[in-house]
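>>> Below are the sequence and a predicted model for it; my questions follow.
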Amino acid sequence: MKNYKTDTFSINRLKFKKDETIIKEGDYGVSIYKIIKGKVRIFTESEGLEIPLVTIGPGEVIGEIIFLSGGSERRSASARALEDSELEVWHPDMLSKEYDQMPPILKHLADQALNRFIRMNKLLVQLTAKKRQRQEKLKQGDPWAAHRRYYRKEVKLEFVCYPVGVGGGFSLKGEIKDISHGGAGLEILPRKVSKFPYKKGDELIVNTLLPNDKALDFKAKIVSVRKGRTPGSFFLGMSFTDLTDHALKNLGFFLMAA
């Protein structure tokens, strides 16, 4: 641990191993952390379910909500190192003078942004909890539900996709017909080829736009290939292999919408 002296307080650098907890939701604490290296996941818990909020890296800060809100000293979320990480620890009194000197309008804007951020996080937790309750009800009413992990939403989303690790591969266009937290069903537009060029297990990078104008980019693996409804088209059953926290949040809000 290295100390960097200031007028009153010292700035400490702490190292955390992969999967080690940095802060715990509900605990008391006032320190603010700046990530020097590594990756950290911010998450909360609801009804025994861990709900990821965001994954952050070097240069980003955690633990600032207590300072900005000036409220309770209980942590509103947990933070865990996703890999070996090093963080700089600040005492909030180090920032108080600079914060007090901010123009009132900037403080107002900061408060508005903070309140919006807190509301969005609460909404995400509520939506995830409701989704889980609905799935439990479906399982109780459907004896086969336990064998199905996801319930898909029917959609009509145009997309473009590209193969991963396939030399000379070409882009494909079509329409996403259904989507869930775990995968999607893609109908590939007819091409002047007699056979679909990829096989089960191949990965595709898919780019689309949700109805709320939020971009959704993901990597998915082909788990099934069959003929589509449109003559000459193919229907792909896809399972997500890489979906960022931001994309997952956008998808989650879309799936929860009426």
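Thanks, I have the structure now.
>>> Please tell me how far residue 52 sits from residue 74.
Per CB to CB, to the nearest Å, residue 52 is found 20 Å from residue 74. Glycine gets a C-beta too; all of them are placed from N, C-alpha and C.
>>> before we move on, what about residue 216?
Using CB to CB, residue 216 is found at 35 Å from residue 74.
>>> neighbour-wise, which of the two wins?
Counted by other CB atoms under 10 Å, residue 216 and residue 74 do not tie: residue 216 has more neighbours, with 22 against 11.
>>> Quick check: the more buried one touching residue 248?
No: taking contacts as CB atoms under 8 Å, residue 216 lies outside contact range of residue 248: 9.7 Å.
>>> mind listing the strands for the stretch 1-150 of the chain?
3-5, 10-16, 21-23, 32-37, 40-46, 49-56, 61-62, 78-81, 85-90 (DSSP state E, counting those that start in this stretch).
>>> Now do the longest strand seen in the chain: everything it contacts.
Determined from DSSP state E, the single longest strand within the chain is strand 215-227. Outside strand 215-227, the residues that touch it by CB atoms under 8 Å, 6 or more residues apart in numbering are 164, 183-184, 196, 198-210, 233-244, 247, 250-251.
>>> ChimeraX command to pick out the buried ones of the residues you listed?
Buried subset of those, written as a ChimeraX selection, criterion 16 or more other CB atoms under 10 Å:
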select :183,184,196,198,202,203,204,206,208,210,233,234,235,236,237,238,240,243,247,250,251
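>>> Out of the contacts of strand 215-227, list just those in strands.
Using DSSP E, the contacts of strand 215-227 in strands are 183-184, 203-209, 234-242.
>>> okay, and for the stretch 151-258 of the chain, where does confidence drop off?
Judged by pLDDT under 70, the stretch 151-258 of the chain has its weakly predicted residues at 151, 166-169, 191-196, 257-258.
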